[in-house]
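Undergrad: Sequence first, predicted coordinates after that:
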Amino acid sequence: MSESRPALRLVEEQPSDPELLALCAQGDEAAATAFVLRHQALVHRFLSRMLGASDPSVEDLAQKTFLAALRSAQSYAGRSQARTWLLGIANNQAKMEIRGQIRRRKAMQVLATLRLIEATSQGPEVEAKSAGLRIQAALLTLSPDRRAAFVLCEVEGMTALEASTVLNAPQGTIRRWRAEARTALQPKLRDLIDLGDGA
């Protein structure tokens, strides 16, 4: 009578981003799905902050970002993290979209919604929504480069080096854009967020 041995459960390690992109370059659909699922929240969040959460083009631009990334998967050389490379593609998509829009009109639409909400309602939920709309409206008044530098460094917590890779600009330029964004936002959002001096 042979002894029964407990079955071993093999836990497969998740492939790294470079491994997934290498598989994507070979046309592996499962790898493409895994890559999109891994990074879709990051890309959506970044684009929402660049364009405004209510902008109807966010979903479309997220899809375009991933399509562009998967089409050029073979060009990913691993010189930066995959998320940095991917956000660079997302930033290019956002800049093209922003160039096609009138920033001031968008900001005024958000502010008009804000005034309507403030005039008709009160309470914590309304205050939170009002604060979110104010932040969104303030971000929309920045140039795309300054907005991107602020969102990447202040909101996503990237270093100037990482942001410089995403935005294809020198670290010194990223720091300048970030500082200029802080200066522009400070008077508009002083009562909502502490922008400090910024390191």
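TA: Yep, it's here. Residues are numbered from 1 along each chain as shown.
Undergrad: quick one: low-confidence parts of this protein?
TA: 1-12, 100-131, 191-199 (pLDDT under 70).
Undergrad: Just the buried positions in the biggest helix by length in the chain, please.
TA: Counting residues, the longest helix in the chain under DSSP state H turns out to be helix 29-51. Residues of helix 29-51 classed as buried by neighbour count (16 or more other Cβ atoms under 10 Å): 31-32, 34-36, 38-39, 43-51. All C-beta spots, glycine's among them, are computed from the backbone N, C-alpha and C.
Undergrad: ok, then the element right after it?
TA: Next helix or strand after helix 29-51 toward the C-terminus (DSSP states H and E): helix 57-71.
Undergrad: ok, now which ones touch the residue nearest the centre of the chain?
TA: In the chain, the centroid-proximal residue (Cα atoms, centre = their mean) is Phe46; its distance is 1.3 Å. By Cβ atoms under 8 Å, 6 or more residues apart in numbering, Phe46 lies in contact with 87, 90-91, 94, 151-152, 156.
Undergrad: Widest-spaced pair of those?
TA: Largest separation among those by Cβ to Cβ: Ala94 and Glu156, giving 13.6 Å.
Undergrad: tilt between the longest helix of the chain and helix 57-71?
TA: With axes from the mean of the first three to the mean of the last three Cα atoms, to 10 degrees defining the directions, helix 29-51 sits at 140 degrees from helix 57-71.
Undergrad: re earlier: of Ala94 and Glu156, which one has the most company?
TA: Set Ala94 next to Glu156 and count neighbours by other Cβ atoms under 10 Å: Ala94 wins out with 25 against 17.
Undergrad: Could you report the distance from the more buried one to Ala30?
TA: Distance of Ala94 to Ala30, given as Cβ to Cβ, to the nearest Å: 28 Å.
Undergrad: element containing Gly27, please.
TA: Residue-wise, Gly27 maps onto no helix or strand under DSSP H and E.
Undergrad: Measure how buried it is and give me the count.
TA: Other residues within reach of Gly27, judged by other Cβ under 10 Å, total 10.
Undergrad: Can you list phi and psi of it for me?
TA: Backbone torsions of Gly27, given as degrees, to the nearest 10, read phi 90, psi 20.
Undergrad: begin at 43 from here
TA: Sure thing, new numbering starts at 43, so read that last one as Gly69.
Undergrad: so how far is Val208 from it?
TA: Plainly put, Gly69 is 27 Å away from Val208 if you go by Cβ to Cβ.
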